[in-house]
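J.: need a structure here:
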Amino acid sequence: MKYCPKCGAALKDKAVYCTNCGAKLNPHQVLRKPPIKTPSDDYKSQSFIFDDDVSVYGPKDLKAHKKVTKTRAPKQEEQKIIANPGLEMANKDYLEEEKKENDEAKAKKKQEAKEKATQIKEEKKAAKKIEAIKKKEKKQQEKEAKIAAKEAKKAEKLAEEEKVIVITEADHKDHSSLFGFILIAVFVSIIIAGGSAFLIPYMSTSHNVAQQEEAKQEEEQAKKDYLLPDSSKTELTEDDLAGFSKKKLNLAKNEIYARNGYIFSSSELATYFKGKSWYRKRIKESDATSNQSSVYERMSKIEKKNIAFIIKYGKSKGWNV
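T.: All right, here's what the predicted structure looks like:
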């Protein structure tokens, strides 16, 4: 309970207006204890002394103040709250408006906090997505770098092999020229010396050597005609097939069949392999056949493994070879 500082009427704690005099109450000036009335016989106006305020409303003389304080009336009972429907309604409307404003402020604050939390969540989600994309790009770059390094290594290896082949061919040409010159010189010498009895055996031996040289050169030339020269002797690796297209991979697989005398029913494959000298010789042999199963059965374990490896490698690329 509180009291009006103007008229001294008892009021409710939540009252904003005095229900007795209608004055608007200042929270810093309201009284928490009832005012005490003093005798007014010696004064022109009635005065009050309040327990929570030492001021005296009445004469200004200090002695009179003391005199009044000595003749203070006994403490009265608390006043009853005066009911005023109009002011009561004003107090109620004010409190409801204040509550409404407080509720709106709380709701606004809650909504702002919710929006901020949603924004932070979205930012974190976007950051994670960007980080995942960067990781994926980095992984792809590393993969491409590895492939490029393998390709460079293979190209270097092929360059070295070609260099060796060129040098070997040059040596063969030099040896052939030298051998021919020696042969002619010996032949002329024998004729001049009249040693025809020794000429025939020597010529036979020379002919055999020449045949061997020719066979060797044909063999080297045949190796160049192979996509995978060692696919019948050694197991293949991914490095051996790196850079192969789908068509080239299919030809490499069928090359193993061609080596074993398979006669192709596909016109495309038949045309391709008939352009190879080694294949033309192979299909003239007695065991050449168009039965693929019998050709596969007589393959070596390495050749069968290599065919399976080529098919598996093709599938990893999404190809059916």
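
J.: got the CA coordinates for stretch 247-261 in CSV?
T.: The C-alpha coordinates for stretch 247-261 follow below in CSV (Å, rounded to 0.1, in the frame of the first residue of the first chain):
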residue,chain,number,x,y,z
LYS,A,247,39.1,-48.1,-79.3
LYS,A,248,42.8,-48.6,-78.6
LEU,A,249,42.0,-50.6,-75.4
ASN,A,250,39.7,-52.8,-77.4
LEU,A,251,42.4,-53.4,-80.1
ALA,A,252,45.0,-54.2,-77.3
LYS,A,253,42.6,-56.9,-75.9
ASN,A,254,42.0,-58.4,-79.4
GLU,A,255,45.7,-58.3,-80.2
ILE,A,256,46.2,-61.2,-77.7
TYR,A,257,43.6,-63.2,-79.6
ALA,A,258,45.2,-62.3,-82.9
ARG,A,259,48.6,-63.6,-81.6
ASN,A,260,47.0,-66.9,-81.0
GLY,A,261,45.6,-67.3,-84.5
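
J.: Give me the residues contacting it.
T.: 226-228, 231-232, 241, 244, 262, 264, 269, 272-273, 276, 279, 282-283, 285, 287-289, 292, 295-296, 298-299, 303, 306-307, 310-311, 313-314, 319, 321 (C-beta atoms under 8 Å, 6 or more residues apart in numbering). Glycine gets a C-beta too; all of them are placed from N, C-alpha and C.

J.: Buried subset of the residues you listed, written for ChimeraX?
T.: Selection of buried members from the contacts of stretch 247-261 for ChimeraX, criterion 16 or more other C-beta atoms under 10 Å:
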select :226,228,231,232,241,244,262,264,269,272,273,276,279,282,283,295,299,303,306,307,310,313,314,321
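
J.: which residues of this protein fall in strands?
T.: Counting by DSSP state E, the chain has strands at residues 2-3, 10-11, 36-37, 48-50, 53-56.

J.: Average pLDDT for the fourth one, rounded please.
T.: By that I understand strand 48-50. If you average the pLDDT over strand 48-50, you get 47.

J.: In this structure G243 contacts A148, no?
T.: No: contact criterion C-beta atoms under 8 Å: G243 and A148 do not qualify, at 11.2 Å.

J.: Quickly note the distance from N306 to T234.
T.: 9 Å (C-beta to C-beta, to the nearest Å).

J.: Next: G275.
T.: G275 is 25 Å from T234, where distance means C-beta to C-beta.

J.: likewise E156?
T.: Distance, E156 to T234, by C-beta to C-beta: 20 Å.
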